[in-house]
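Peer 1: A predicted structure for the sequence below; I have some questions about it.
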Amino acid sequence: MTIDKTAIRNAATVIVLRDRLKDPHVLMGQRGANAAFMPNKFVFPGGAVDAEDADIPLVSQMPEVCRQRLREDTTQDLSHALSVAAIRELWEETGLILGQQGRWDNTPPADWSSFAATGHLPAAHPLQFVFRAITPPGRPRRFDARFFLIDAGEIATDLDDFDAACDELSHLQWIPLPKVREFDLPFITEVVLAEVAARAHDLRPPSNVPYFKNNEEENLFLRLKGKGPMTGHFR
């Protein structure tokens, strides 16, 4: 399949927070030096939504308030596909499973065969939609990325076992939240981390979600279900 590099692709990014009430750590890895998008940067696991993601069944859905926020400022309801993409990318890039034990009714697609072989079905109820950002114009890749926070206690497998991960991210590790800015991070990741730090002790899904809306005409910092544009532009 040929990918239009100028198109804005929908994407899901997963922020896994461990020991959030006492000693919060966040799971991150480093992109390769030759990566077209954000080379060498430490990032959260995540990636673009695949066409097949809309057809993958879930044993549970993310909270309704999160699905409502995902439906805002968009032409289609991507809440299911984004949930599936988040779970798939977490599995592919870290080897961690967000799911429940069970057997698939049908033969899973190739991208899900290794996940299914572990005896799990994908479950989205732990996903909390906490941030949205569109990559600014002029970048080699552009994404409309939705960031999902999950508590590490919801992971079904060993939190320190990354053996099943692909090689897209290296140096996978749990980084103490107060020390994460010592790493080489993309700008947007720093902004998202500030939001995560503010929410570390709040287990509820947020009622409104920050949104960096970049397009060719302007760039705005909004809140979905908030009071409209916030002050300031950004790059």
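Peer 2: Right, received. Where do you want to start? Numbering: from 1, shown residues only.
Peer 1: looking at the protein, which helix is longest?
Peer 2: The helix that spans the most residues within the chain, counting by DSSP state H, is helix 79-94.
Peer 1: so which bits of it are buried?
Peer 2: 79-94 (16 or more other C-beta atoms under 10 Å). To be clear about C-beta, it is placed using only N, CA and C from the backbone, and glycine gets the same treatment.
Peer 1: any low-confidence regions in the protein?
Peer 2: Applying pLDDT under 70 to the chain flags the ranges 1-6, 33-38, 216-218, 226-235.
Peer 1: tell me which stretches of it form strands.
Peer 2: 8-18, 25-31, 42-43, 46-48, 99-101, 120-122, 128-134, 142-151, 169-176, 209-214, 219-224 (DSSP state E).
Peer 1: the ones you listed: which one's closest to residue 200?
Peer 2: Counting by C-beta to C-beta, residue 200 lies closest to strand 8-18 out of these; the figure is 6.5 Å.
Peer 1: specify the angle between the longest helix of the chain and strand 25-31 in degrees.
Peer 2: Put simply, helix 79-94 runs at 70 degrees to strand 25-31, going by axes from the mean of the first three to the mean of the last three C-alpha atoms, to 10 degrees.
Peer 1: let's number from 17 now, not from 1
Peer 2: Right, with 17 as the first residue, what we last looked at is helix 95-110.
Peer 1: output the contacting helices and strands for helix 95-110.
Peer 2: Counting contacts by 3 or more C-beta pairs under 8 Å, 6 or more residues apart in numbering; DSSP states H and E, helix 95-110 packs against strand 24-34, strand 41-47, strand 62-64, helix 80-86, helix 129-133, strand 136-138, strand 158-167, strand 185-192.
Peer 1: tell me the angle of the first one relative to helix 95-110?
Peer 2: Strand 24-34 and helix 95-110 meet at an angle of 60 degrees, taking the same axes, to 10 degrees as the criterion.
Peer 1: in its sheet, what does strand 24-34 sit against?
Peer 2: strand 41-47 (antiparallel), strand 62-64 (antiparallel), strand 158-167 (parallel) (DSSP bridges).
Peer 1: hey, which of these is tucked in deepest?
Peer 2: strand 158-167 (a mean of 23; mean count of other C-beta atoms under 10 Å).
Peer 1: centre of the chain to that strand, how far?
Peer 2: 3 Å (C-alpha atoms, centre = their mean, to the nearest Å).
Peer 1: burial of residue 220, as a residue count?
Peer 2: Using other C-beta atoms under 10 Å, residue 220 has 9 other residues around it.
Peer 1: and what of residue 239?
Peer 2: Every residue meeting other C-beta under 10 Å relative to residue 239 is counted, giving 17.
Peer 1: now the closest residue to it other than its chain neighbours: phi and psi?
Peer 2: Leaving out its chain neighbours, the residue that sits closest to residue 239 by C-beta to C-beta, 6 or more residues apart in numbering is residue 224, at 4.8 Å. Per-residue torsions, residue 224: phi -140, psi 150 (degrees, to the nearest 10).
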